[in-house]
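1. sequence unknown, structure follows:
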């Protein structure tokens with residue numbers, strides 16, 4: 001074929017196509033398969049490598065330049081940390097506006113600003129319902145400290161870890177905040193308890209909603225943070241309350257007795273999902289969901305998987321949603 005650069009450019013190499021379209025060389029094959037670009041004839045493989053007609057490649061490059069990459073479904077999905085299928089589901093389910101750009105035989109869909117903002121809200125609402133929250137919002141791994149963990153100063157003054165405007169620090173009982181860097185030079189703090197325990201392989205949690213204005217909730221918080229460890233809890237913080245998710249399991253009350261100020265009743269009244277039961281010398285943490293083993297028809301199973309993939313949820317979450325909708329009909333769910 002000779003030196004392409006020294007001839008009138010009629011073809012692009014695979015590497016050139018990949019660079020121009022910002023795709024992998026493997027994806028170039030997909031573009032050919034989908035008839036987005038054409039590969040030039042190569043009888044008896046006279047050419048040393050495959051080359052592609054410039055016309056289609058140039059048209060694709062031009063089309064990409066007219067589209068803000070930040071407005072595509074793929075980009076928005078990546079930024080929000082969910083699948084493309086889930087974004088498409090949210091757009092359809094909430095009748096959100098999209099822009100359709102026709103390019104020869106293909107249609108590109110972009111999202112207007114108001115749609116992207118609404119998608120951010122919807123994804124955040126979905127995340128707020130899950131105990132799997134961003135750990136960086138309640139655990140500083142570098143310093144091995146947890147949000148609201150209790151510390152004590154040499155003079156007996158107590159502090160709790162706090163996070164203010166993305167800055168970690170300590171707050172005393174009077175509400176004064178000091179950032180980590182300043183605390184290192186002015187305070188000599190020691191943790192009241194250890195926050196590290198062996199991770200428990202369990203995805204079922206009990207949920208407690210602890211209102212910050214009640215002193216007993218801090219005893220509950222400290223008890224579970226110290227006995228379960230940061231590895232087995234999740235914290236969701238708001239101005240007035242803490243949602244504390246504690247992994248299912250059993251705590252020995254012989255090794256980890258409840259503070260004398262706490263009783264099973266005082267803990268139970270803060271439970272919003274799941275249950276806590278004390279039997280003899282053990283505290284049973286019962287998660288808010290139960291595992292179900294059953295057989296269903298293959299067609300129903302395939303439909304369940306398809307719907308779960310669209311909504312970007314697990315099969316269990318999808319099945320639970322279907323059952324809840326069924327039992328809610330005509331007041332069947334008590």
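-> Ah, there it is. Computed from a prediction, not measured in an experiment: that's the story for all the values here.

2. For the stretch 101-250 of the chain, which segments count as helices?
-> With DSSP state H, counting those that start in this stretch as the criterion, the stretch 101-250 of the chain has helices at 113-128, 180-186, 215-228.

3. Output the lowest mean pLDDT helix or strand found in this structure.
-> Taking mean pLDDT, DSSP states H and E as the measure, the chain has strand 99-103 as its least confident helix or strand, at a mean of 67.

4. Where does pLDDT dip in the protein?
-> The chain contains residues with pLDDT under 70 at 1-9, 63-70, 101-108, 126-133, 312, 330-334.

5. can you list the domains in it?
-> Here the domain assignment for the chain is 4-65, 69-128, 150-191, 298-331, based on automatic domain parsing.

6. The ones you listed into TSV, with extra columns for mean neighbour count and distance to residue 215?
-> (Glycine included, C-beta is placed from N, CA and C.) Below are the domains of the chain laid out as TSV (neighbours: other C-beta atoms under 10 Å; distance: least, C-beta to C-beta, whole Å):
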stretch	mean neighbour count	distance to residue 215
domain 4-65	14	58
domain 69-128	15	27
domain 150-191	13	11
domain 298-331	13	36
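
7. Of all these, which one comes closest to residue 139?
-> Residue 139 sits nearest to domain 150-191 of all the domains of the chain, at 9.6 Å, using C-beta to C-beta.

8. First-to-last residue distance for the closest one?
-> Separation of the first and last residues of domain 150-191 by C-alpha to C-alpha, to the nearest Å is 6 Å.

9. For that domain, what is the distance to the chain centroid?
-> 29 Å (C-alpha atoms, centre = their mean, to the nearest Å).

10. can you check stretch 183-197 too?
-> Counting by C-alpha atoms, centre = their mean, stretch 183-197 comes out at 30 Å from the chain centroid.

11. For it, measure first residue to last.
-> Start-to-end, stretch 183-197 (C-alpha to C-alpha) is 26 Å.

12. Could you tell me which residues make contact with residue 144?
-> 195, 196 (C-beta atoms under 8 Å, 6 or more residues apart in numbering).

13. for it, phi and psi?
-> phi 50, psi 50 (degrees, to the nearest 10).

14. any idea how far residue 308 is from it?
-> Computed with C-beta to C-beta, to the nearest Å, the distance linking residue 144 and residue 308 is 37 Å.

15. try residue 204
-> Where residue 308 is concerned, residue 204 sits at a distance of 19 Å (C-beta to C-beta).

16. rewinding a little: which one of the domains of the chain lies nearest to residue 261?
-> So among those, domain 150-191 is nearest, using C-beta to C-beta, at 14.9 Å.
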